[in-house]
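> Attaching a predicted model along with its sequence, questions to come.
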Amino acid sequence: MRKKKSFFVTFEGIEGSGKSYLSKKLFNILKKKKFNVLKTREPGGTPAAEIIRDIILDDYFEKNKKIQFNKNTDTLLYLAARNEHLINKIKPALSKGKIIICDRFIDSTIAYQVYGKGVNKALVDSVHKYILGDIKPDLTFVLKVNIFTAMKRLSKRKKKNRYDKFSKSFYIRAQNAFIKIAKKNKKRYIVLDNSKDSNEIEDIIFKKFIKILKK
């Protein structure tokens, strides 16, 4: 059982990159090894944030919908969900010295809303400055994937939300954004190619996590 300070890990990537699957795999491995670990996700993670998530994932941008949210409204919903998540789950867990594994966090907002949707970064930064304080991930795995592989994986999903229905060009733009973000801070980010359906990447992620945890 690890008794040191808390450690915050995030998984980022486009739909079909395998981030949800691999974040769950790392959580299961650490839990078996008796680490004090918590898995969560964004948008969502708490009862209140999950209510906002349901609104977010509804396709209110469809042309035939009577109500269509502005892209800034959409972004502020994400940030509202994050605020609830931070207050009610992430901050308490960090104060208790837990390892947190989060499926998506702040980088998804930058990649999707700023680079993808054209939202002004100043809006996101100003809200983050207020709600995050000094909280930031200790380690972020960015999973990149061949776009055709991602689209093939998405086509197999039985239940889809609006984020599973974007154009190939949008996913390319978002993925390039994740990689661009990662290049600015190589100490925090690890970019891995998950185009192949192989179990090897699970072992790679665990080894890299342990290596950084021990520093």
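Yes, it's here.
> can you map out the helices along this protein?
Counting by DSSP state H, the chain has these helices, from start to end: 19-32, 47-57, 71-85, 91-95, 106-108, 121-132, 147-155, 168-183, 200-213.
> Most tightly packed of those helices?
Ranked by average neighbour count under the criterion mean count of other C-beta atoms under 10 Å, those are headed by helix 106-108 at a mean of 22. The way it works is simple: take the backbone N, C-alpha and C, and place the C-beta from them, glycine included.
> quick one: contacts of that helix?
Thr10, Glu12, Glu42, Arg82, His128, Leu132, Lys136, Pro137, Thr140, Val142, Phe178, Ile181 (C-beta atoms under 8 Å, 6 or more residues apart in numbering).
> Would you format those residues as TSV with pLDDT and distance to Ile99 included?
Compiled in TSV, the contacts of helix 106-108 are given as follows (pLDDT from 0 to 100; distance: C-beta to C-beta, whole Å):
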residue	pLDDT	distance to Ile99
Thr10	98	12
Glu12	98	17
Glu42	97	17
Arg82	98	20
His128	98	23
Leu132	97	19
Lys136	95	15
Pro137	97	12
Thr140	98	14
Val142	98	19
Phe178	98	23
Ile181	97	23
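> any chance of those in CSV, with distance to Lys158 too?
Supplementary listing: those in CSV, determined by distance: C-beta to C-beta, whole Å:
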residue, distance to Lys158
Thr10, 27
Glu12, 24
Glu42, 23
Arg82, 28
His128, 34
Leu132, 35
Lys136, 35
Pro137, 31
Thr140, 29
Val142, 27
Phe178, 26
Ile181, 31
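> Distance to Leu192 added to the helices of the chain, as CSV?
Conversion of the helices of the chain to CSV gives the following (distance: least, C-beta to C-beta, whole Å):
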stretch, distance to Leu192
helix 19-32, 9
helix 47-57, 26
helix 71-85, 25
helix 91-95, 25
helix 106-108, 15
helix 121-132, 25
helix 147-155, 14
helix 168-183, 10
helix 200-213, 6
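> To Asn194, which of these lies closest?
helix 200-213 (5.6 Å; C-beta to C-beta).
> residue contacts, the nearest residue to Lys25 once chain neighbours are set aside?
Residue nearest to Lys25 in three dimensions, not counting chain neighbours: Glu202, with 4.9 Å by C-beta to C-beta, 6 or more residues apart in numbering. Neighbouring residues of Glu202 by C-beta under 8 Å, 6+ apart: Leu22, Lys25, Leu26, Ile29.
> Likewise for His85?
By C-beta under 8 Å, 6+ apart, the residues touching His85 are Thr40, Glu42, Pro43, Gly44, Gly45, Thr46, Ala49.
> residues touching Thr75, list them.
The contact partners of Thr75, by C-beta under 8 Å, 6+ apart, come to Thr109, Gln113, Lys117, Val119, Leu123, Val124.
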